[in-house]
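> need a 3D model of the following:
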Amino acid sequence: MEQERIRDAAERVARSLGMEVVDVEWKVGKERFLRVFIDKPEGISHKDCEAVSNQLSVILDVEDLIPGPPYILEVSSPGLDRKLTKPAEFERFTGRLARISTTEPVENQKNFEGRLAGFADGKVRIEVKGRVIALPVEGIRKANLVVEF
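Here you go, the predicted model:
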């Protein structure tokens, strides 16, 4: 199974429906799971997930992208605490609360929580306690939005 070809198929379907693929996960345990997370600026509905799932499952079968035993295809939105991976996402969610971990210390720390302040020159900007810190995007281990109520 080639994960890159599966992601390409998912992106073709999502684009044709006016959405984007945020992430693709392949998990093998007792069962095989393919999870595809989709989004669009106004948010994702159950109908959006169903449309992508129906079209993608046909392509996966026709192109035989997942050979072997049966698998479960799950299409959903990334959720309120969504993962952030692309520069455009850090820009899009400027002003939102986020939690970011880095692989190497920046200003003597590896964990940051604050408001996203955009993306420029290959660096994610995050405002922590009134200071804006620039984190090199290639050094980010994990980044998620934080749910606010």
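
> could you use CA atoms for every contact and neighbour count after this?
Noted.

> report the central residue of this structure.
When the chain is reduced to its mean C-alpha position, the nearest residue by Cα atoms, centre = their mean turns out to be Val22, at 3.6 Å.

> that residue: what's it in contact with?
Applying Cα atoms under 8 Å, 6 or more residues apart in numbering, we find Val22 in contact with 36-39, 78.

> Leu60 too?
Under the contact definition (Cα under 8 Å, 6+ apart), the residues listed for Leu60 are 6, 9, 66.

> which one of the residues you listed has the most neighbours?
Neighbour counts for the contacts of Leu60, by other Cα atoms under 10 Å, peak at Ile6, which reaches 22 neighbours.

> can you tell me how far it is from Ile66?
Taking Cα to Cα, to the nearest Å as the measure, Ile6 and Ile66 are separated by 8 Å.

> using the three-state scheme, assign Pro41.
What DSSP: H, G, I helix; E, B strand; the rest coil gives for Pro41 is coil.

> any idea how far it lies from Glu89?
Taking Cα to Cα as the measure, Pro41 and Glu89 are separated by 11 Å.

> same question for Asp8.
Counting by Cα to Cα, the separation of Asp8 from Glu89 is 19 Å.

> mind listing the residues bridging to the nearest residue to Arg96 once chain neighbours are set aside?
If the residues on either side of it in the chain are set aside, Arg96 comes closest to Arg115, at 5.3 Å by Cα to Cα, 6 or more residues apart in numbering. With DSSP bridges as the criterion, the beta-bridge partners of Arg115 are Leu97, Glu127.

> so Arg115 sits right up against Phe90, yeah?
No - counting by Cα atoms under 8 Å, Arg115 stays clear of Phe90, with 10.4 Å between them.

> neighbour count for these two, which is higher?
Between Arg115 and Phe90, counted using other Cα under 10 Å, Phe90 has the larger neighbour count: 26 against 22.

> doesn't the more buried one fall inside a helix?
Yes - with the criterion set as three-state DSSP, the secondary structure at Phe90 is a helix.

> sweet, I'm off.
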